[in-house]
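> Next comes the sequence, and after it the predicted model I'd like to discuss.
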Amino acid sequence: MMTRALVFHGPRQLRWQDWSYTPPATGEVLVAVRAIGICGSDVHGYTGESGRRVPPLVMGHEATGEVVDLGPGVPPAWAGRRVIIQPFIWCDACDWCRSGQTNLCRNRRFMGATIDGAMAERLVVPVRNLVPLPDQLSFLHGTLTEPSSVALHAIHQAGDLAGKSVQIAGCGPIGLLTLLGVRRAGARCVVMTDVIQARLEVARELGAQVALDPRDEDWREQLSNAAGLAHEDFDAAFDAVGISATFQQAIGAVRPKGTVIAMGGWQTVSVNLGPLVAREITVRGTFNFTPSEFEDACRILGGEDSASLDRIITTARPLCEGAGVFERLASNQAEHIKVVLTSTA
């Protein structure tokens, strides 16, 4: 059977083209994709910076849609349902899956990275990878579930944040969703940094006490003052960018025995071990999310103010125009926060 899809053929080569798929097998469904977000990792894959995508490959992993066909064994109640696609495929057999930590599955696959993704008009997925889209969430807003799950899992790595001071480097979608999450977790003070003024303004609107440009001469003093501290002694810092400058910024922000959460992992960075050793700082990586966290993120998003979600999703364009959208994003990601592609097919 055939559909139309946005297919990666190599660095900076995307084509909107016919693409074949197999009808849903036992335990699978066919989803008509309605909206799909463009992740920063998609852009890095498109440019070839990350080297993680092997062509030809259908891109994308932040999708919502409607179930239009059922494979054998799928309960009839799924027919016609509005759904969010959980893009992480786990094996259920390895030691990590058996322990409930499916995000660390030894045989993991990920839509749009190691297997074909959801930037297509039609997509076959296991029914266990579907979560019903809450009535109060639009297809557009539902695309934030996957990045919200990433933020939620990262927040869990930081432990109890109630009454704590938090610094977040990066006001992109992941950083802003982390901001919403740490505020829900009861953080008393959240300070964010970015070099793009428009994103700093959105961070302030979404509840950051202070949002700073680290290129300002007095930004470190502002950072400390914002937290009501004599020094940059934050309890936790999140690096939501994943480059050397932001990672070092996070290490410099936390107090002795503080925690740094490394959320971005597509680039190699140099690490000065001195502060880590002398201040006994804990650095924790965070990778994807578990199915229960995905469901929790979906439920939490359903309770968010839609105006807040609209501040994160800055542009929506037709899926068939995706090649041009990726080209523009690769040249100037600063123009937008989150771009979503939509389809009515």
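Yep, it's here. Residues are numbered from 1 along each chain as shown.

> Would you mind listing the buried residues in stretch 306-323?
Using 16 or more other Cβ atoms under 10 Å as the test for burial, stretch 306-323 gives 308-309, 311-314, 319, 322-323. Bear in mind the C-beta positions are built from the backbone N, C-alpha and C, glycine included.

> Let me fix that, I meant to ask about stretch 187-197.
Using 16+ other Cβ under 10 Å as the test for burial, stretch 187-197 gives 187, 189-196.

> How about stretch 202-209?
Quick answer for stretch 202-209 (16+ other Cβ under 10 Å): 202-203, 206-209.

> Which one of the residues you listed is nearest to residue 246?
Distance to residue 246, by Cβ to Cβ, is smallest for residue 203 among the buried residues of stretch 202-209, at 14.5 Å.

> For the closest one, what is the enclosing helix or strand?
Following DSSP states H and E, one finds residue 203 within helix 197-205.

> Same question for residue 84.
Under the criterion of DSSP H and E, residue 84 resides in strand 82-85.

> related to what we said a few turns ago, closest to residue 176 out of the buried residues of stretch 306-323?
residue 312 (5.5 Å).

> The closest one reaches residue 179, doesn't it?
No: using Cβ atoms under 8 Å, residue 312 makes no contact with residue 179, being 10.1 Å away.

> Residue 338 bridge partners, please.
residue 313 (DSSP bridges).

> residues touching it, list them.
Contact analysis of residue 338 by Cβ atoms under 8 Å, 6 or more residues apart in numbering lists 37-38, 144, 147, 173, 312-315.

> cool, and residue 246?
For residue 246, the contact set (Cβ under 8 Å, 6+ apart) comprises 169-170, 193, 239-240, 264.

> Sketch out the low-pLDDT regions of the stretch 1-150 of the chain for me.
Nowhere does the stretch 1-150 of the chain drop to pLDDT under 70.

> 90 instead, please
Along the stretch 1-150 of the chain, the parts satisfying pLDDT under 90 run over 1, 44, 48-54.

> which stretches of it form strands?
2-10, 13-20, 28-37, 57-58, 62-70, 82-85, 88-89, 109-110, 122-126, 130-132 (DSSP state E, counting those that start in this stretch).

> which other residues reach the fourth one?
Defining contact as Cβ under 8 Å, 6+ apart, one finds that strand 57-58 is touched by 5-8, 19, 112, 116-120.

> That strand pairs with which strands, parallel or anti?
strand 2-10 (antiparallel).

> got a list of what residue 280 touches?
So residue 280 contacts 256-257 (Cβ under 8 Å, 6+ apart).

> any idea how far it is from residue 255?
For residue 280, the distance to residue 255 equals 10 Å [Cβ to Cβ, to the nearest Å].

> neighbours around the residue nearest to residue 148 when sequence neighbours are not counted, how many?
Residue nearest to residue 148 in three dimensions, not counting chain neighbours: residue 297, with 4.0 Å by Cβ to Cβ, 6 or more residues apart in numbering. When counting by other Cβ atoms under 10 Å, one arrives at 26 neighbours for residue 297.

> tally of neighbours for residue 344?
Counted with other Cβ under 10 Å, residues neighbouring residue 344 total 8.

> rewinding a little: looking at the contacts of strand 57-58, spot the one nearest residue 286.
Nearest to residue 286 among the contacts of strand 57-58, with distances taken as Cβ to Cβ, is residue 112, at 19.6 Å.

> Touching, residue 148 and residue 295? I think so.
No: between residue 148 and residue 295 there is no contact under Cβ under 8 Å: 11.2 Å.

> Between these two, which has more neighbouring residues?
Taking neighbours as other Cβ under 10 Å, residue 148 and residue 295 compare with residue 148 leading, 28 against 17.

> now that one: how far from residue 8?
Distance of residue 148 to residue 8, computed by Cβ to Cβ: 25 Å.

> farthest pair in the buried residues of stretch 306-323?
The most widely separated members of the buried residues of stretch 306-323, counting by Cβ to Cβ, are 308 and 323 (30.3 Å).

> Any idea which residue is closest to the centre of this structure?
Central residue of the chain (Cα atoms, centre = their mean): residue 147, 2.5 Å from the mean position.

> Count the residues that sit near the closest residue to it other than its chain neighbours.
Excluding its sequence neighbours, the residue lying closest to residue 147 (Cβ to Cβ, 6+ apart) is residue 173, at 5.2 Å. The local packing of residue 173 (other Cβ under 10 Å) involves 28 other residues.

> Touching, residue 173 and residue 336? I think so.
No: look at residue 173 against residue 336 with Cβ under 8 Å: they stay out of range, at 9.7 Å.

> Find the nearest non-adjacent residue to residue 306, please.
Sequence neighbours aside, residue 141 is the residue nearest to residue 306 in space, at 6.5 Å (criterion: Cβ to Cβ, 6+ apart).

> quick one, helices of this structure?
With DSSP state H, the ranges of helices along the chain come out as 40-47, 95-98, 139-142, 145-157, 173-184, 197-205, 219-227, 244-253, 273-278, 291-302, 306-312, 322-331.

> need those helices in CSV with distance to residue 88, can you?
Formatted as CSV, the helices of the chain follow (distance: least, Cβ to Cβ, whole Å):
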stretch, distance to residue 88
helix 40-47, 13
helix 95-98, 11
helix 139-142, 17
helix 145-157, 9
helix 173-184, 16
helix 197-205, 27
helix 219-227, 35
helix 244-253, 25
helix 273-278, 30
helix 291-302, 8
helix 306-312, 22
helix 322-331, 22
